[in-house]
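# Please work out how this folds:
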Amino acid sequence: MMEIVFSYPHDRCPECNSRLKTYRVDRRRVKDVEGEFTALHRIMICPREKRKFRSGNLDLMVHPRCTYSNNFMVAGAIKRFIEGRSSAEISSLMGVSEGHARKLTNQALEIFSEIHEDNVPKLYRNMNPYILQIDGTTDSEFSMIVAVKDSVSGFVLYVKRCGSESEESVVDVLDAVKSRFGTPSGITCDMRSGILSAAGIVFPNVPVRICLMHFLRDLGKDLMKEMHTDLGILINRIGIKSPLRKILMNMPDYDQCTLYDIEYGFCLNREKMEIMAVRRILENILSVGSSGYGFPFSLRHLNFFISCEEGMNRIRELSSRFHCKESLSTAETVMNHLSRIVYNADIRYKAVKLNDINSYIFQKIRKAFMIPDHGNMSGDRYDPLTDDVRVHENCTVVFGELEIYMKTDIENHLFRSAKLALERYRNRETMLFAQNGEYTIPRTNNNMEIFFRSIRRNVRKRSGNRSTGIILSQTGEKLALFQNMDNEKYREIVFGKDDMGSVFSRYRKPFRKDGMTRKETMSLVDKGTDMILNDSLSDQPYTDEMFNK
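Numbers count the residues shown, from 1 in each chain. Sure thing, here's the model as predicted:
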């Protein structure tokens with residue numbers, strides 16, 4: 001095993017200039033991320049002053065009376081709180097007991113909050129005019145974790161546990177951010193009234209931009225949620241998905257030989273090709289996908305109805321050209337099931353109305369805002385400097401058309417929906433396009449949703465669904481702050497050229513108070529016994545004699 005010698009860096013006493021002598025050499029076994037080694041700690045002593053000198057480098061590397069280095073603690077905490085590994089996985093990967101892995105990583109979580117707070121001035125000096133993003137998660141039991149990030153650097157600036165996102169709670173959070181990091185050049189948030197009013201109170205002259213996705217999501221829910229839910233209930237009552245899945249499971253898989261024939265323009269086994277054609281249509285019906293945004297951007301019940309209608313038309317057209325009895329029988333069975341959806345008057349009535357609102361109103365607004373058809377907006381390439389003007393012009397055209405559309409003879413459900421959409425847009429138009437002089441305010445607050453989703457996913461991954469709320473209520477603030485360890489720029493500012501483990505060591509405390517030696521224990525027991533015998537054992541920590549001294 002490799003041995004490394006640690007010693008006091010000077011050979012003379014700083015007080016009397018006497019040459020230091022070796023007092024003793026301590027041997028310690030240390031486990032580091034890069035391997036295991038033996039630390040030889042040469043403790044020096046001044047022969048005149050009798051003062052002992054230790055190596056500071058060893059204490060920075062590993063805590064006294066601990067086998068595992070500080071780097072070991074930091075690496076384990078990153079695996080647990082950022083990568084979502086459990087203590088058992090860390091134990092297996094790093095060769096440390098499960099209990100010790102839990103203790104080390106929990107201590108790193110506690111320490112990091114202190115490191116972040118102490119480095120606020122350094123972060124403030126290195127940050128450009130920042131864009132404040134604020135949001136909260138309600139997964140925590142009995143409380144809400146409210147976090148503030150800078151959208152430019154990605155730093156988590158401040159996190160606090162609050163009872164709710166009320167104006168009073170959010171004002172306290174924003175006041176704390178203002179005292180630490182000053183006034184932002186812009187704010188982006190969702191549409192909750194508590195956040196919007198608190199932002200106006202704490203930062204009165206700062207532009208506040210509401211999240212476009214939240215605006216569209218809320219609008220879509222008000223326009224279509226009730227109708228979409230009713231459509232889903234009607235479809236589920238009929239219950240054709242399970243029979244269709246059963247048919248699909250009993251169908252033979254795709255035949256490669258027949259497909260090779262098709263590749264060359266002929267088919268020796270027409271029956272298999274006919275069955276494969278029906279299978280392909282069934283798979284499309286049963287695997288209606290989402291655009292990646294969820295409701296109301298994807299209407300899964302309406303999509304299922306449309307896919308049933310298209311699938312039935314396709315199978316009817318194919319069955320008129322089928323030659324084989326088995327494929328004709330399968331096609332007829334599938335069409336019988338699909339007809340229960342397609343020809344149901346109540347379902348068709350709901351689906352037609354829902355499709356009208358979605359096609360003529362919601363999707364037009366979505367396209368005006370330049371929302372991609374698929375994706376999750378995490379890699380949004382929207383440039384506020386060039387695209388804000390274009391999107392605003394698009395919206396002016398679309399909502400102007402809606403105003404004209406309302407004056408024509410249209411159906412009631414379209415009139416009500418167009419009126420609601422127009423009112424919502426006019427009320428929020430200014431905040432939807434609010435911008436600072438640098439054009440750096442993003443159009444969505446999706447980064448905050450992704451941030452909280454990542455934390456919740458990691459907690460569930462290592463602890464299970466039941467424990468997620470409890471863990472977030474206990475350590476949610478520290479977990480959110482610790483995500484800064486995944487930000488390279490943050491690490492450069494806070495730790496600089498220093499080893500991260502050595503910085504953590506300055507804040508590290510022993511797991512528990514060091515125990516007394518047997519000699520000290522026996523001495524104090526004897527003292528207490530004598531105090532009992534002398535009737536001098538007081539139940540108060542302070543006495544007149546102590547004050548007189």
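# What is the subsequent helix or strand relative to the lengthiest helix in the chain?
When the chain is parsed with DSSP state H, its longest helix is helix 212-238. The helix or strand immediately downstream of helix 212-238 is helix 241-250, counting by DSSP states H and E.
# So what touches the helix or strand just after that next one?
Next helix or strand after helix 241-250 toward the C-terminus (DSSP H and E): helix 256-263. Helix 256-263 is contacted from outside by 267-269, 272-273, 276, using Cβ atoms under 8 Å, 6 or more residues apart in numbering. Where you see a C-beta, it was placed from the backbone N, CA and C, and this is true even at glycine.
# which one among those residues gets closest to residue 20?
Residue 20 lies nearest to residue 276 out of the contacts of helix 256-263, by Cβ to Cβ, at 86.7 Å.
# Disregarding residues adjacent in the polypeptide, which is nearest to residue 406?
Once flanking residues are discounted, residue 406 sits nearest to residue 418: 5.2 Å by Cβ to Cβ, 6 or more residues apart in numbering.
# where's the one you found, which helix or strand?
Applying DSSP H and E, one finds residue 418 within helix 412-432.
# now for that helix, which elements pack on it?
strand 208-210, helix 212-238, helix 345-357, helix 384-406 (3 or more Cβ pairs under 8 Å, 6 or more residues apart in numbering; DSSP states H and E).
# just checking, what packs against whatever helix or strand comes next after that helix?
The C-terminal neighbour of helix 412-432 among helices and strands, as given by DSSP H and E, is helix 446-463. Counting by 3+ Cβ pairs under 8 Å, 6+ apart, the packing neighbours recorded for helix 446-463 are strand 131-137, strand 144-150, helix 465-482.
# Please name the strands paired to the first one in the sheet, noting orientation.
In the sheet containing strand 131-137, its partner strands are strand 144-150 (antiparallel), strand 186-189 (parallel), by DSSP bridges.
# Redo those strands as JSON lines? Include mean pLDDT and distance to residue 426.
What follows is those, written out as JSON lines (pLDDT from 0 to 100; distance: least, Cβ to Cβ, whole Å):
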{"stretch": "strand 144-150", "mean pLDDT": "91", "distance to residue 426": "30"}
{"stretch": "strand 186-189", "mean pLDDT": "94", "distance to residue 426": "20"}
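# show me the contacts for residue 402.
361, 418, 421-422.
# Just the pLDDT for it.
Residue 402 is assigned a predicted lDDT (pLDDT) of 93.
# Repeat that for residue 398.
For residue 398, the predicted pLDDT is 95.
# Equivalent analysis for residue 514, please.
At residue 514, pLDDT is 47.
# next one: residue 20
On the pLDDT scale, residue 20 gets 88.
# Which residue is the nearest non-sequential neighbour of it?
residue 44 is the one closest to residue 20 (Cβ to Cβ, 6+ apart), at 4.0 Å.
# Equivalent analysis for residue 458, please.
residue 84 (3.4 Å).
# low pLDDT regions in this protein?
1, 138-142, 289-292, 374-380, 510-518, 540-549 (pLDDT under 70).
# and it, what are its domains?
2-92, 117-211+445-507, 212-441, 518-548 (automatic domain parsing).
# hey, which of these is tucked in deepest?
domain 117-211+445-507 (a mean of 18; mean count of other Cβ atoms under 10 Å).
# First-to-last residue distance for it?
12 Å (Cα to Cα, to the nearest Å).
# quick revisit: for the residue nearest to residue 20, name its beta-bridge partners.
Counting by DSSP bridges, the residues bridging with residue 44 are residue 22, residue 53.
# Could you check how far it is from residue 61?
18 Å (Cβ to Cβ, to the nearest Å).
# Next: residue 434.
For residue 434, the distance to residue 61 - Cβ to Cβ - is 50 Å.
# hmm, back to that, now, among the contacts of residue 402, which is nearest to residue 161?
Nearest member of the contacts of residue 402 to residue 161, counting by Cβ to Cβ, is residue 421, at 37.0 Å.
# List the residues that contact that closest one.
219, 223, 361-362, 365, 399, 402.
# Need the max-distance pair from those.
Those two in the contacts of residue 421 that are separated most widely, counting by Cβ to Cβ, are 223 and 399, at 14.2 Å.
# hang on, the residue nearest to residue 406 packs against residue 361?
Yes: if you go by Cβ atoms under 8 Å, residue 418 and residue 361 touch, sitting 5.9 Å apart.
# returning to that earlier point: which of the contacts of residue 421 sits closest to residue 452?
residue 219 (22.7 Å).
# Which residue, neighbours along the chain excluded, lies closest to that closest one?
Per Cβ to Cβ, 6+ apart, closest to residue 219 is residue 424, 5.4 Å.
# from the middle of its chain, how far away would the helix holding residue 418 be?
Averaged C-alpha coordinates place helix 412-432 at 32 Å from its chain's average position (Cα atoms, centre = their mean, to the nearest Å).
# got it, and stretch 248-261?
For stretch 248-261, the distance to the chain centre is 42 Å (Cα atoms, centre = their mean).
# okay, how far is it across that stretch, tip to tip?
First-to-last residue span, stretch 248-261, Cα to Cα: 24 Å.
# Which residues are in contact with residue 127?
Counting by Cβ under 8 Å, 6+ apart, residue 127 has contacts 150, 152-153, 155, 181.
# now residue 104: how far from residue 455?
20 Å.
# Which strands or helices does the longest helix of the chain pack on?
Using 3+ Cβ pairs under 8 Å, 6+ apart as the test, helix 212-238 ends up in contact with helix 300-319, helix 325-342, helix 345-357, helix 363-368, helix 412-432.
# Distance from the chain centre to the second one, please.
This means helix 325-342. Centroid separation between helix 325-342 and its chain, computed with Cα atoms, centre = their mean, is 45 Å.
# can you list contacts of that helix?
Against helix 325-342 from outside (Cβ under 8 Å, 6+ apart): 235, 238, 240, 243-244, 247, 251, 271, 274-275, 278, 281-282, 285, 305, 308-309, 311-312, 315-316, 318-319, 322, 347-348.
# circling back: now render the helices and strands packed on helix 412-432 as TSV, adding distance to residue 450.
Shown next, in TSV, are the helices and strands packed on helix 412-432 (distance: least, Cβ to Cβ, whole Å):
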stretch	distance to residue 450
strand 208-210	18
helix 212-238	12
helix 345-357	29
helix 384-406	19
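# can you tell me which of these comes nearest to residue 451?
helix 212-238 (14.6 Å).
# Could you report the distance from the closest residue in space to residue 135 that isn't next to it in sequence to residue 195?
Nearest residue to residue 135 in three dimensions, chain neighbours excluded: residue 448, at 3.6 Å (Cβ to Cβ, 6+ apart). Residue 448 is 11 Å from residue 195, where distance means Cβ to Cβ.
# who touches both of those two?
residue 134.
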